[in-house]
Every structure is written in C-alpha cells, then in structure tokens.
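> could you look at this predicted model? Sequence included:
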Amino acid sequence: MAEPALHFEWVDVFTDRPFAGNPLAVFTDPGDLNSERMQVIARELNLSETTFVQPASLPGADYRVRIFTPLTELPMAGHPTLGTADVLARQGRLEPSDGVGRYVFEEGVGPIEVEIEWEDGAPGRISMSQPSPRFGRTLEDRAEIAAMLSLETSDLAELPIQVVSTGPPFLFVPLASLAAAEAASLRLDAWRESLAESDAATIFVFSLETVDASCDVHGRLFAPGFGIPEDPATGSAVCPLGAYLARHGVLDAGGRHTLLVEQGLEMGRPSRLEVEIVDAGGELTVRVAGRTVKVADGRLVPPDV
C-alpha cells in the first residue's frame, strides 16, 4: 500500500521576496517516515535541503528537525533551521510573542536556540545560535587551490586558506577581488583528487568587495559532496566565516560585530545573511539571521516502492 500523501511548504530563506534566497521544503507532519524514505524524498525534490519535523527527544526542545540534502543528512544547517522555524510559526506550532520569542530545536549537533521577532502576530526576522567555532587545519598549497577554482594564485587574498566550523566544516578561501569571486568555478576533477574525501570538501570563497555597497562580504559556496554544485545562501557557513574574520584580524578585536553577507548572485538568487559575532577576549560566539518568504504549498504522494 502506498504511503499517505504528505503536505509540505516551500519557502525561500534569507530574502524578503519570493524566487530569491535559498529554497526549502518543510514537512511538518512526516508521520513514521524512516531515514531512507526521507533521503529519497529529499533527492526527488533536489533542493539544497529538505527538512522533516518530528517530536523532540531532548528535554526543553520544542521539535526535532532533521535536515537532508539530495545526498545525505546534515547535523545542522542555517537556512533549513530558519525556514523551518518560519513555517512552524505560521502554522501556529510555536507560541507567538509580543516581541522576541525563543525556541529550541533538536538537531544532530544538539539543541539549537532560535529567536523569532514577531510582527503583528506573524514571524519576521529569525535568528539562530550555532555551536562554538572550531578552527581546523590551514592548506598551504595556494597554487593548487587557485587552480581547483579556475583562478590564478594572484587572485587569492593574503589571508589563510583554512577549515573552520560551527557545525559542518567549511574550507574558507579568501579572494583578492569581487571579479575573482565571480569568476571562480570549481574543477570537479581536481576536487575529487585532493579534497573530496577530506574535511575541506565544502568550499566557501569570499571577497571583501561586494556588489551591494551595503554588504560587507560577497560569498559563494561549492558543495558537490552534498549534491549541491552551488548553494545560494549558507547560514552554517557565514557563522564560521565571521569567526574566521575575527580570528585573522579583519574585524577589530573584542566587542560585537555585525556583518551582512551577499550570496547567490551568480545563481540569480540574491540572498542576504546577517551574521553577529561577539568576541569576549578571544572567546567567539556567532549567530545568523534573515527573513523567509512562503512560495507554495505542496502535496507529495510517495510511490509504493
């Protein structure tokens, strides 16, 4: 017997208008779907991520949120967390507040705090905490990384090429100009030979030159290992990016900093991600925030396979 039809909502995250930002499908009542079926559905929808909401098992958590790319389950991610919070709030499954409401999602990395700024009873700007930054190895072969990105070594900025994470690890590659960031193109053959099976497999390139003068950073994310050739907005990457910029002196030492990151422009899906970095004597905490727009309702009828 075929599984019953499953309702989902389609939203665009890190944008205030439809058909921009990063699209997400949210299944708030997935029933007893197992992990394999969730993965099949995520592969069929072929979005950067799809989420499935389940009852929480951790004390104090409101819901468990499982996040799938077309190829694998993620322990945590930014736009799926914010987009899922928006859907649950609009469905009345999160208690509204006169101001800022605070909620907790259970994800693969543990509890994630989410804040919703309520506006006339509807969710507005949403932010999330992320685990403490972890600074990994530095890659020294700059010529190899440049060639892998179809660039010249001179296109790289004089900052480290380093793995940093606040959940999944990302390799941060600083570029010397906006033109270099726009021209970057990942060579899959070179990537498979040297990085595909490593902690540096997911690559975030960035420049401090931007298209929009109101933004601070222009970024792009290549994640072929997750089945995502390029991601239009990556909340789990811009938080470790903020920590990277603080650690390497791009931001003034100490205090609170806010960055506005533009992403997705090369894909025709402009996104704006707000990053907050608090530097307390070298102890870094990070949050990411943005808005979400509902695009569509869907009804999936899984085949009997």
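All right, it came through fine.

> my read: Q54 touches A61, true?
No - assessed by C-beta atoms under 8 Å, Q54 is found out of contact with A61, at 10.6 Å. Bear in mind the C-beta positions are built from the backbone N, C-alpha and C, glycine included.

> any idea of the mean pLDDT in stretch 23-31?
What stretch 23-31 shows for mean pLDDT is 97.

> buried set for that stretch?
For stretch 23-31, the neighbour count (16 or more other C-beta atoms under 10 Å) marks 23-28, 30 as buried.

> quick one: which of these is nearest to H218?
Nearest to H218 among the buried residues of stretch 23-31: P23, at 20.8 Å, using C-beta to C-beta.

> so who does the closest one touch?
Residues in contact with P23 (C-beta atoms under 8 Å, 6 or more residues apart in numbering) are 10-13, 47-48, 295.

> please apply the same query to S150.
Counting by C-beta under 8 Å, 6+ apart, S150 makes contact with 183-187.

> can you check F206 too?
Residues near F206 by C-beta under 8 Å, 6+ apart: 172-175, 181, 217-220, 241, 261.

> so what's it bridging to?
In this entry, F206 is beta-bridged to P174, G219, by DSSP bridges.

> for it, report the pLDDT, please.
On the pLDDT scale, F206 gets 98.

> do the same with the one 5 residues further on
In the predicted model, V211 carries a pLDDT score of 98.

> okay, now it: neighbour count?
By other C-beta atoms under 10 Å, 12 other residues sit near V211.

> likewise the one 4 residues further on?
Look at C215: counted by other C-beta under 10 Å, it has 18 neighbours.

> how about it, what does it touch?
Residues in contact with C215 (C-beta under 8 Å, 6+ apart) are 260-262, 272.

> from those residues, which is closest to G249?
Nearest to G249 among those: V261, at 18.5 Å, using C-beta to C-beta.

> for the one helix or strand that closest one maps to, what is the average pLDDT?
According to DSSP states H and E, V261 maps onto strand 255-263. For strand 255-263, mean pLDDT rounds to 97.

> so after it, what's the next helix or strand?
strand 271-280.

> sheet partners, orientation included, of that next one?
Sheet partners assigned to strand 271-280 using DSSP bridges are listed as strand 255-263 (antiparallel), strand 283-290 (antiparallel).

> and the helices in this structure, which stretches?
With DSSP state H as the criterion, the chain has helices at 35-45, 78-90, 142-148, 178-183, 188-194, 235-247.

> distance to V286 for the contacts of C215 - can I get that in TSV?
As requested, these are arranged in TSV below (distance: C-beta to C-beta, whole Å):
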residue	distance to V286
L260	14
V261	12
E262	18
R272	17
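
> buried among those residues? Make that a PyMOL selection.
Buried residues within the contacts of C215, by 16+ other C-beta under 10 Å, are selected in PyMOL with:
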select buried, resi 261+262+272
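
> name the nearest of the contacts of C215 relative to D212.
D212 has its nearest neighbour among those in E262, at 5.5 Å by C-beta to C-beta.

> what's opposite the closest one in the beta bridge?
Beta-bridge partners, per DSSP bridges, of E262: H218, R272.

> which residues touch it?
E262 makes contact with 210-212, 215, 217-219, 270-272 under the criterion C-beta under 8 Å, 6+ apart.

> repeat the analysis, applying 10 Å as the threshold.
By C-beta atoms under 10 Å, 6 or more residues apart in numbering, the contact list for E262 reads 14, 206, 210-212, 214-220, 233, 270-273.

> equivalent analysis for E73, please.
Neighbouring residues of E73 by C-beta under 10 Å, 6+ apart: 35, 38-39, 42, 49, 52, 66-67, 108.

> at 8 Å what do you get?
So E73 contacts 35, 38-39, 66-67, 108 (C-beta under 8 Å, 6+ apart).

> distance of it relative to R66?
Counting by C-beta to C-beta, to the nearest Å, the separation of E73 from R66 is 6 Å.

> common neighbours of these two, please.
Contact criterion C-beta under 8 Å, 6+ apart; residues shared by E73 and R66: 35, 38, 108.

> run through the residues that contact the last one.
By C-beta under 8 Å, 6+ apart, the contact list for G108 reads 66-67, 73-76.

> go again using 10 Å as the cut-off
64-67, 73-77, 167-168.
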